[in-house]
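# I would like to see how this sequence folds:
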Amino acid sequence: MKAIKNVIFDFGTVLLDWNPKRLYTPYFQDEAKCDWFLEHICNRPWNDEMDKGKPTDVGTEEKVAQFPEWEKEIRMYFDRWIEMIGDETPGMYELELELKAAGYGIYGLTNWNNETFRLVRGKRIFQVLDGMVVSAEEKLLKPEPEIYECLLGRYGLDREECVFIDDVPKNVAGAEAVGLRAILFENPAQVRRTLAGLGVKIATEK
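Reported below is the predicted structural model:
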């Protein structure tokens, strides 16, 4: 097995805290109602459509037509999307810098729509990356094998020299299916320990 030379990061949760509940919990002032709305109305499968390239205005109008009684709340999703964003995941920017200083390539592979990613693309945690693939720009979506191949091909990476980090089990499985080593993100300390266990030359604790 080849030594790891490149680390590939997912974005949401792994590098940056994104959570729709940050917007909707204060709005509904009812945790159960918030959870129901995000499970049945503005849910992950719907968000995935935009992450694969559907314009947010089209997705919004389709959802409003389907659930007109929730129009106000549906329109909030993208109109106030920035309120879903929290802070950098603590310790991950420092991990990126440490990897770069040690000579590793660092890359990003995210399911994200173009319109909202523009609002956060300038953050330092993304700017330090050597390259990235954003799903909506490619009309692809993790865990489709083509999106992993897109990243590898674009930057000339040897899959046997890469490790991928994501917080979604199916995306980790998708990476493994195309021959990447992969880590299911739990927290930064766990990622450090796991990378070190794979032979990556970084501190196991920070």
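# show me where this structure has strands.
6-9, 16-18, 85-88, 105-110, 131-134, 162-166, 181-184 (DSSP state E).
# Adding mean neighbour count, mean pLDDT and distance to Ile202, write those out as TSV.
All C-beta spots, glycine's among them, are computed from the backbone N, C-alpha and C. Output for those, formatted as TSV (neighbours: other C-beta atoms under 10 Å; pLDDT from 0 to 100; distance: least, C-beta to C-beta, whole Å):
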stretch	mean neighbour count	mean pLDDT	distance to Ile202
strand 6-9	25	99	10
strand 16-18	17	96	20
strand 85-88	13	96	18
strand 105-110	21	99	12
strand 131-134	20	98	20
strand 162-166	24	99	12
strand 181-184	19	98	13
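# Could you say which one of those comes nearest to Thr25?
With C-beta to C-beta as the measure, strand 85-88 is the member of the strands of the chain nearest Thr25 (12.7 Å).
# Who does the closest one pair with, and is each partner parallel or antiparallel?
Next to strand 85-88 in the sheet, as set by DSSP bridges, lie strand 16-18 (antiparallel).
# show me the contacts for Pro188.
Residues in contact with Pro188 (C-beta atoms under 8 Å, 6 or more residues apart in numbering) are 89-92, 95, 206.
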